[in-house]
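**Student:** Next one to model:
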Amino acid sequence: MVSKPKAEQTVSQDKLIAELGEQLEFDRPLAEFTTFGTGGPARLFLEAKSIEAMTQAVAAANRLKLDYLVIGGGSNLLVADSGYDGLVIRAGIGGLKLLKETEIVCGAGEDLMSLVDFAAGHSLSGLEFAAGIWGSVGGAVFGNAGAYGGDISQVLAEATLVDTKGQVKTVGSEYLRFGYRDSRLKSTQEIVVEARFRLQKSDEKQIRDKVNSILKEREAKFPPTDRCAGCIFKNIPDADSEHGKIPAGRLLEEVGAKSMSVGDARVSERHANIIVNSGKATSKDIRRLADKLKEKVFEKYGIMLQEEVIQVGQF
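**Tutor:** Coordinates of the predicted model:
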């Protein structure tokens with residue numbers, strides 16, 4: 001996901017369509033593209049279904065001096081109720097291809113679970129940790145998605161990126177400077193359009209058994225019918241704790257988070273680090289509840305939780 005601020009410029013609708021193409025949409029609601037099911041409209045919206053389309057969209061946004069935002073599966077976004085006053089580009093670049101015997105090339109717009117399933121079908125191990133994680137492959141690389149002791153940094157070999165000028169380059173994983181739920185892409189604002197994963201040959205049944213076991217465990221915490229964005233806060237790095245982190249969910253549980261709500265935004269009964277839209281919650285409701293949770297933890301432990309969910313627009 002990328003947001004690049006530019007100088008304001010008034011551009012006619014005809015000029016926008018001429019530069020960005022006939023597929024350009026105006027005032028497209030973004031709630032349908034987020035797992036929270038909240039958020040206002042994008043003033044401008046288009047879907048880039050190829051690397052070429054992405055480069056053209058970014059280049060056009062530069063020429064027009066438009067703010068732009070690139071989204072994937074919308075599973076880690078909280079979009080303001082007022083929406084986004086710029087161009088939203090949805091990365092819809094698909095494709096899964098076996099390269100060599102143990103490598104997979106994947107379009108950034110592919111669903112992460114589709115990649116997990118494709119790998120299992122080719123008896124390739126290494127991505128089981130990602131079973132059940134919502135969102136796109138591009139978003140997973142951007143945020144170094146992970147669970148159960150694994151993350152994207154462990155299996156990514158290369159990524160193809162589009163930079164802020166609309167130029168394409170392929171880089172090794174070391175370029176991305178992965179950290180806990182982090183990568184340098186959050187500061188460089190480069191866009192993932194394709195990724196190559198290096199995996200290991202294994203037994204397909206063993207892989208699928210592990211995937212199914214993780215799916216069962218995750219669905220107990222994150223029911224697929226819940227409108228949420230997964231964990232709201234990052235775990236807290238701590239060298240003395242198991243796996244090197246203090247679970248944010250544990251701290252939230254201890255401060256009584258599961259009893260808290262704002263409007264139709266409420267903390268999940270299954271997991272204290274999840275906020276659910278249980279009806280007609282607004283993004284403002286979710287933001288206010290997240291702030292209250294942070295205050296509770298800080299008051300008791302002196303720890304300021306950091307959001308894992310990315311906030312977009314004006315709150």
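**Student:** Pretty sure Ala59 sits against Lys165.
**Tutor:** Yes - counting by C-beta atoms under 8 Å, Ala59 touches Lys165, with 7.3 Å between them. C-beta coordinates here come from the backbone N, C-alpha and C atoms, glycine included.
**Student:** What's the separation between the nearest residue to Ser183 once chain neighbours are set aside and Tyr148?
**Tutor:** Nearest residue to Ser183 in three dimensions, chain neighbours excluded: Leu176, at 4.6 Å (C-beta to C-beta, 6 or more residues apart in numbering). Distance of Leu176 to Tyr148, computed by C-beta to C-beta, to the nearest Å: 21 Å.
**Student:** Of the two, give the one with the bigger neighbour count.
**Tutor:** Using other C-beta atoms under 10 Å, the more surrounded residue of Leu176 and Tyr148 is Leu176, with 24 against 15.
**Student:** hmm, back to that, out of Ala59 and Lys165, which sits in the more crowded spot?
**Tutor:** Using other C-beta under 10 Å as the criterion, Ala59 and Lys165 rank with Ala59 on top: 15 against 9.
**Student:** so Tyr84 touches Pro29, yeah?
**Tutor:** No - taking contacts as C-beta under 8 Å, Tyr84 lies outside contact range of Pro29: 11.0 Å.
**Student:** can you list residues touching both of these two?
**Tutor:** Counting by C-beta atoms under 8 Å, 6 or more residues apart in numbering, the contacts common to Tyr84 and Pro29 are 40-41.
**Student:** Between those two, point out the one with more neighbours.
**Tutor:** Comparing Tyr84 with Pro29 by other C-beta under 10 Å, the one with more neighbours is Tyr84, at 25 against 13.
**Student:** Can you report phi and psi for that one?
**Tutor:** phi -130, psi 120 (degrees, to the nearest 10).
**Student:** can you pull up the bridge partners for it?
**Tutor:** Ala42 (DSSP bridges).
**Student:** can you tell me the average pLDDT over the helix or strand containing Ile89?
**Tutor:** Per DSSP states H and E, Ile89 falls inside strand 84-91. The pLDDT scores in strand 84-91 average 97.
**Student:** for it, packing partners?
**Tutor:** Contacts defined by 3 or more C-beta pairs under 8 Å, 6 or more residues apart in numbering; DSSP states H and E place strand 84-91 against strand 41-48, helix 51-64, strand 68-71, strand 191-198.
**Student:** how does it look with 7 Å?
**Tutor:** strand 41-48, helix 51-64, strand 68-71 (3 or more C-beta pairs under 7 Å, 6 or more residues apart in numbering; DSSP states H and E).
**Student:** Tell me how far it lies from the chain's centre.
**Tutor:** Strand 84-91 sits 15 Å away from the centroid of its parent chain (C-alpha atoms, centre = their mean, to the nearest Å).
**Student:** what do you get for stretch 84-102?
**Tutor:** For stretch 84-102, the distance to the chain centre is 13 Å (C-alpha atoms, centre = their mean).
**Student:** Buried ones in it, by neighbour count?
**Tutor:** Neighbour-count burial for stretch 84-102, counted by 16 or more other C-beta atoms under 10 Å, picks out 84-94, 96, 102.
**Student:** start to end distance for it?
**Tutor:** Criterion C-alpha to C-alpha, to the nearest Å; first-to-last residue distance in stretch 84-102 is 41 Å.
**Student:** quick check: domain ranges of the chain?
**Tutor:** For the chain, the structural domains run 2-91, 96-206, 223-312, going by automatic domain parsing.
**Student:** Just put the ones you listed in CSV and tack on distance to Ile214.
**Tutor:** Output for the domains of the chain, formatted as CSV (distance: least, C-beta to C-beta, whole Å):
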stretch, distance to Ile214
domain 2-91, 17
domain 96-206, 4
domain 223-312, 14
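**Student:** For Lys216, find the nearest of those.
**Tutor:** domain 96-206 (8.9 Å; C-beta to C-beta).
**Student:** Could you tell me the end-to-end distance of the closest one?
**Tutor:** End-to-end distance of domain 96-206 (C-alpha to C-alpha): 22 Å.
**Student:** so for that domain, what's the average pLDDT?
**Tutor:** 97.
**Student:** Any idea how far it is from the middle of the chain?
**Tutor:** 12 Å.
**Student:** What of stretch 201-208?
**Tutor:** That offset, for stretch 201-208, works out to 27 Å (C-alpha atoms, centre = their mean).
**Student:** Distance check, the residue nearest to Gly166 when sequence neighbours are not counted against Ile191.
**Tutor:** The spatially closest residue to Gly166, leaving aside those adjacent along the chain, is Ala59, at 3.5 Å (C-beta to C-beta, 6+ apart). For Ala59, the distance to Ile191 (C-beta to C-beta) stands at 12 Å.
**Student:** State the helix or strand in which the residue nearest to Val192 when sequence neighbours are not counted lies.
**Tutor:** If you skip the residues right next to it in sequence, Val192 has Gly138 as its closest partner in space, 4.0 Å away by C-beta to C-beta, 6+ apart. Assigned by DSSP H and E, Gly138 falls within helix 137-142.
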